[in-house]
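> below are the sequence and a predicted model; questions follow.
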Amino acid sequence: MIKRIVKMTFREEAIQTFIAEVFEQSKARIRAFEGCQHMELLRNKTRPNVLFTLSIWDDDSALEAYRASALFADTWTKTKALFAEKAEAWSVEVLDEPD
């Protein structure tokens, strides 16, 4: 299992555009993508223009298949156009979790 965290800093005026016109339009297709177990959108409490996606994938190959897909290309192109700063992303593995 792979957890993917993506930090996105948006221009203030672009946040609602991202949520309404990009995220809402693509979230169900991303969540239904083969190998995606979970995907959620989070907001930084002190910097409301900083959003994160947290997604859980079966393995590296599932994540890479998504990243090579037309769905990702379309969604990411629309998302990047709204950024105030370059995105940061981390793929992490769980070392310990509660039973």
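That came through fine.

> biggest helix in the chain by residues?
helix 70-80 (DSSP state H).

> immediately after it, which helix or strand?
Sequence order places strand 88-92 as the next helix or strand after helix 70-80, per DSSP states H and E.

> ok so, going back, quick one: average confidence on the longest helix of the chain?
For helix 70-80, the mean pLDDT works out to 97.

> quick check: residue 38 vs residue 84, distance?
According to Cβ to Cβ, to the nearest Å, residue 38 and residue 84 sit 27 Å apart. Glycine gets a C-beta too; all of them are placed from N, C-alpha and C.

> to clarify, my last question referred to residue 23.
Applying Cβ to Cβ to residue 23 and residue 84 gives a distance of 17 Å.

> who has more neighbours out of these two?
residue 23 (18 against 14; other Cβ atoms under 10 Å).

> if I pick that one, what's in contact with it?
By Cβ atoms under 8 Å, 6 or more residues apart in numbering, residue 23 lies in contact with residue 41.

> same check, this time on residue 31
By Cβ under 8 Å, 6+ apart, residue 31 lies in contact with 38, 39.

> residue 6 contacts residue 52, doesn't it?
Yes - in this structure residue 6 lies within contact range of residue 52 using Cβ atoms under 8 Å: 6.4 Å.

> the helices in this protein, which residues?
Going by DSSP H, the chain shows helices at 15-17, 24-32, 60-67, 70-80.

> what's the closest of the ones you listed to residue 90?
Nearest to residue 90, of all these, is helix 60-67, at 11.9 Å by Cβ to Cβ.

> could you dump stretch 8-18 to PDB, C-alpha only?
In PDB, the C-alpha atoms belonging to stretch 8-18 read as follows (Å, rounded to 0.1, in the frame of the first residue of the first chain):
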ATOM      1  CA  MET A   8      -1.000  22.500  -3.600                       C
ATOM      2  CA  THR A   9      -0.700  26.200  -2.900                       C
ATOM      3  CA  PHE A  10      -3.400  28.100  -4.900                       C
ATOM      4  CA  ARG A  11      -3.800  31.700  -5.900                       C
ATOM      5  CA  GLU A  12      -6.400  33.100  -3.500                       C
ATOM      6  CA  GLU A  13      -8.900  33.800  -6.300                       C
ATOM      7  CA  ALA A  14      -8.400  30.300  -7.800                       C
ATOM      8  CA  ILE A  15      -9.400  28.200  -4.800                       C
ATOM      9  CA  GLN A  16     -13.100  28.000  -5.500                       C
ATOM     10  CA  THR A  17     -12.400  27.400  -9.200                       C
ATOM     11  CA  PHE A  18     -10.300  24.400  -8.300                       C
END
